[in-house]
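1. Sharing a model prediction with you, sequence too.
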Amino acid sequence: MATLTHHESATAEYLELAPKTRRTFISIIVAGVILLAIGLIMAAMHIGGGHEAAGAAHGAAHAAGPEAGAGAAHHEGSPLWLKRLFVTLWHNNVFFVGVSAIGTFFVALQYVAYAGWSVVIKRINEAMSVWLLPGLVIFLAVFFLGRHDLFHWTHDGIMDPKAENYDAIIAGKSGFLNMPFYLIRMVVYLGIWWFFSERLRKISLAEDLNGGTEYFHKSINVAALFLVLYAVTSSMSAWDWVMSVDVHWFSTMFGWYVFASWWVSGIAVTTLTAIYLKQAGYLKFVNANHLHDLGKFMFGFSIFWTYVWFSQFMLIWYANLPEEAVYYNQRLGGFNGAYTWIFFFNLVINFAFPFLVLMRRDAKRQMIMLKIVSIAILIGHWSDFYLMITPATMQENNGFIMEIGVALIFLGSYLLLFTKRLAQASLVPVNHPFLDESVHHTT
Amino acid sequence: MTKRFALGIFDDEDVLMHAIENVRAAGVKIYEVFTPFPIHGIDDALGIERSRLPIAAFFYGMCGLAFALWMQIYMLGFDWPMIIGGKPHIALPAFIPVSFELTVFFTCHGMVITFYTISKLYPRWRTPVLDVRSTDDKFVMAIEINESTDLNNLSKLLRENGASEVNEKEMTKN
């Protein structure tokens, strides 16, 4: 039922984090640490790594490594358990940094589109971008400590024609993939994203205090500039952080593919946060209509992700060029089928499940349905990044216990920082010019 | 068949929305509301049930998908098998784009035709207009009346809720 009266006036509401919630977040971290420890011990003792489903004995297989693999053939790397730790840290950080940036991207997009409906959930998106700076620190640390495990192109001598392990293809990419330029790019991407997150946040907080439309127009300019820069940097960061793991291979769809994954995960985080806050008694202006729009976003962009995924897959599958098809060979049946199930699981949970569940209007307006789908999408896209990064780095020595442990540590830490930032400002941007429109939004 | 209507003319959409709520709350059945532009939330205010068009759309889509798959499997798999790129005759990934397009094609054409038919917008249909100003700047609320209707009360109710004028109109429907 549409609310037609203008009697209600939006007032500020502040999130107060219950000690119990904080303890829950900390126990998520503790559970993650325990899983990580178990995973590390198991990996160090060579049990449980790799084909958990098949249970095939691989023994010292990692020492030989299939020739198809890129990185492991060289002995320039950490022991397997440490290598897996670096890989999973990188994987999780890519996922969380991407989701963080989506928070700002979403806010910017709503400003530029003059969208009114999303004003009541805007503070969630603003707070989401909290992982950008911790993410930068983790990226730099993992890159300095474990770059040889992650990136084949960082190996010493790989670009030197006189060296034993010289690789002409990689040497040809040295103009782009060299350490100084790579690090500069990483700092620039995260610097830009962080700067614009802070800028939009500051303008919005000043608007809360002073009111007036001046802040709104200023935000539109800032947002438009951010969108242009983000369009370029999101694609480039996908090449740098994810595609350069498979350094011989490239795909022109890859930037979009990674962005689609981040984007739909970011919307799932927004939806999930809105629902949890709503159920905790906050966000009283958020109703089924706002959730409906978020649900449409999730539905639509799950299909968009699939569209990009398929566009990348079909061309490679049809053309069947060896240097391109190797990417799917590794994931579909390579490494003794270590990744086959997760390849299909990825499609089911990221496409078929949201598509079928969210197709009906009623489902998009029910918190429980949205909750289930949001969680499925987050797990699904975490797996999607797993599937992008792990086969190229770990070959058949993959696993899940350590990876899930690190994911939980990231999740708990992210939630602590995220809720802290959420609590720093009113959950309702009280002086936003479109607030009234958002409160009376009907779908 | 001739029907008689009381027409409440409104100048403002907000006033109209409140009037709809109040008129319905007073127990008067609204026949139809004509507005120059779509108003958000008016369906809910009028208590109009949601359209079942999406259900029809789903089945049109299924028809399109089935047709596309049948067509490609029959043509490329049985009628005139060819080897393309070393792939099997029935190479499903290659069929997805065409299947998708035909699903969309069937769905949108089916929906447009269904919508026009149930809205009686097919060719040669004359749509009766109760008050031509509803295509310009006035909002018109039509209430069906008969001999037993207390017109004075109705007029008072509409005027109290912001109607700038209340007219009576007879409409012959074929």
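-> Right, received. Where do you want to start? Residues are numbered from 1 along each chain as shown, chains lettered A, B, ... in the order given.
2. Name the nearest residue to B:Asn161, sequence neighbours excluded.
-> Closest residue to B:Asn161 apart from its sequence neighbours, by Cβ to Cβ, 6 or more residues apart in numbering or on different chains: B:Ala19 at 3.8 Å. Just so you know, the C-beta spots here come from the backbone N, C-alpha and C atoms, and that holds for glycine as well.
3. Relative to chain B, how far out is A:Trp341?
-> 19 Å (Cβ to the nearest Cβ, to the nearest Å).
4. What backbone torsions are found at that residue?
-> phi -70, psi -40 (degrees, to the nearest 10).
5. Against A:Thr306, how distant is it?
-> As judged by Cβ to Cβ, to the nearest Å, A:Trp341 and A:Thr306 stand 18 Å apart.
6. ditto for A:Ile184
-> With Cβ to Cβ as the criterion, A:Ile184 and A:Thr306 are 34 Å apart.
7. Which one's more surrounded, these two?
-> A:Thr306 (19 against 10; other Cβ atoms under 10 Å in any protein chain shown).
8. residue ranges with poor pLDDT in chain A?
-> Along chain A, the model assigns pLDDT under 70 to residues A:1-10, A:47-76.
9. OK, contacts around the residue nearest the centre of it?
-> Centroid check for chain A by Cα atoms, centre = their mean gives A:Phe95 as the closest residue, at 2.8 Å. Residues in contact with A:Phe95 (Cβ atoms under 8 Å, 6 or more residues apart in numbering or on different chains) are A:Trp262, A:Ser265, A:His381, A:Trp382, A:Phe385, A:Phe410.
10. quick check, nearest of those to chain B?
-> A:His381 (21.4 Å; Cβ to the nearest Cβ).
11. Could you count how many residues lie near the closest one?
-> Neighbours of A:His381 using other Cβ under 10 Å come to 26.
12. you'd agree A:Gly334 is up against A:Pro391?
-> Yes. Using Cβ atoms under 8 Å, A:Gly334 makes contact with A:Pro391 at a distance of 7.0 Å.
13. out of the two, which sits in the busier spot?
-> Just comparing A:Gly334 and A:Pro391: by other Cβ under 10 Å the higher neighbour count belongs to A:Pro391, 26 against 20.
14. Secondary structure element holding the more buried one?
-> helix A:367-394 (DSSP states H and E).
15. buried stuff in the following helix or strand past that helix?
-> Of the helices and strands lying after helix A:367-394 in sequence (DSSP H and E), the nearest is helix A:401-423. Of the residues in helix A:401-423, A:401-419, A:421-422 count as buried by neighbour count, 16 or more other Cβ atoms under 10 Å in any protein chain shown.
16. quick one: helix A:401-423 to helix A:367-394, angle?
-> Relative orientation of helix A:401-423 and helix A:367-394, computed by axes from the mean of the first three to the mean of the last three Cα atoms, to 10 degrees: 130 degrees.
17. distance between the helix or strand following helix A:401-423 and the chain's centre?
-> Remark: after helix A:401-423, the chain's next helix or strand is helix A:435-439, criterion DSSP H and E. Centre-to-centre, helix A:435-439 and its host chain are 30 Å apart (Cα atoms, centre = their mean, to the nearest Å).
18. Report all helices and strands that helix A:435-439 contacts.
-> Contact analysis of helix A:435-439 by 3 or more Cβ pairs under 8 Å, 6 or more residues apart in numbering or on different chains; DSSP states H and E lists no helix or strand as a packing neighbour.
19. buried set for it?
-> A:Leu435, A:Ser438, A:Val439.
20. Residue numbers of chain B in contact with chain A?
-> B:14, B:17-18, B:21, B:40-41, B:44-45, B:50, B:54, B:58, B:85-87, B:93-94, B:96-97 (Cβ under 8 Å from any Cβ of the partner chain).
21. Can you select the buried ones among these for me in PyMOL?
-> Remark: buried members of those, expressed as a PyMOL selection using 16+ other Cβ under 10 Å:
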select buried, chain B and resi 17+18+21+40+41+45+94+96
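22. Take the residues of chain B next to chain A and keep only those in helices.
-> Using DSSP state H, the subset of those located in helices is B:Asp14, B:Met17, B:His18, B:Glu21, B:Asp44, B:Ala45, B:Pro54, B:Phe58, B:Pro93, B:Ala94, B:Ile96, B:Pro97.
23. what secondary structure does B:Ile9 sit in?
-> Look at B:Ile9: counting by DSSP: H, G, I helix; E, B strand; the rest coil, its state is strand.
24. okay, now it: neighbour count?
-> The burial count for B:Ile9: 18, using other Cβ under 10 Å.
25. Could you give the separation of the helix holding A:Pro391 from the chain centroid?
-> 9 Å.
26. got the angle for the host helix or strand of A:Phe143 vs helix A:367-394?
-> According to DSSP H and E, A:Phe143 maps onto helix A:132-150. Here helix A:132-150 points in a direction 40 degrees away from that of helix A:367-394 (the same axes, to 10 degrees).
27. in the next helix or strand after helix A:132-150, what counts as buried?
-> Later in the chain than helix A:132-150, the nearest helix or strand by DSSP H and E is helix A:168-172. For helix A:168-172, burial by neighbour count (16+ other Cβ under 10 Å) applies to A:Ile170, A:Ala171.
28. same check, this time on stretch A:217-224
-> For stretch A:217-224, burial by neighbour count (16+ other Cβ under 10 Å) applies to A:Lys218, A:Ser219, A:Val222, A:Ala223.
29. List the residues that contact the third one.
-> Think A:Val222. A:Val222 touches A:Ala108, A:Phe196, A:Arg199, A:Leu200, A:Ile203, counting by Cβ under 8 Å, 6+ apart.
30. helix, strand or coil for it?
-> helix.
31. Can you give me the distance of the residue nearest to B:Asn161 to B:Ile39?
-> In terms of Cβ to Cβ, B:Ala19 sits 12 Å off from B:Ile39.
32. So between the two, which is more surrounded?
-> B:Ala19 (25 against 18).
33. got a pLDDT number for that one?
-> Per-residue pLDDT puts B:Ala19 at 92.
34. and it, what does it touch?
-> If you count contacts by Cβ under 8 Å, 6+ apart, then B:Ala19 has B:Gly8, B:Phe10, B:Met141, B:Leu158, B:Asn161, B:Gly162, B:Ala163 around it.
35. want to throw the contacts of A:Phe95 into CSV with distance to chain B?
-> CSV is the format used below for these (distance: Cβ to the nearest Cβ, whole Å):
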residue, distance to chain B
A:Trp262, 24
A:Ser265, 24
A:His381, 21
A:Trp382, 25
A:Phe385, 23
A:Phe410, 34
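36. Check which helix or strand the closest residue to A:Leu416 other than its chain neighbours maps to.
-> Spatially, and ignoring its direct neighbours in sequence, A:Leu416 is nearest to A:Phe25 (5.0 Å; Cβ to Cβ, 6+ apart). In the assignment (DSSP H and E), A:Phe25 maps to helix A:19-44.
37. What residues sit buried inside that helix?
-> So, applying 16+ other Cβ under 10 Å, buried residues of helix A:19-44: A:Thr21, A:Phe25, A:Ile28, A:Ile29, A:Ala31, A:Gly32, A:Leu35, A:Leu36, A:Gly39, A:Leu40, A:Met42, A:Ala43.
38. isn't the third one right next to A:Tyr414, touching?
-> No. Applying Cβ under 8 Å, one finds A:Ile28 not in contact with A:Tyr414, separated by 9.7 Å.
39. where does chain B have its least confident helix or strand?
-> Lowest mean confidence among the helices and strands of chain B (mean pLDDT, DSSP states H and E): strand B:165-172, at a mean of 86.
40. got a list of contacts for that one?
-> With Cβ under 8 Å, 6+ apart as the test, strand B:165-172 has contacts from B:1-9, B:128, B:130-131, B:145, B:151, B:154-155, B:158-159.
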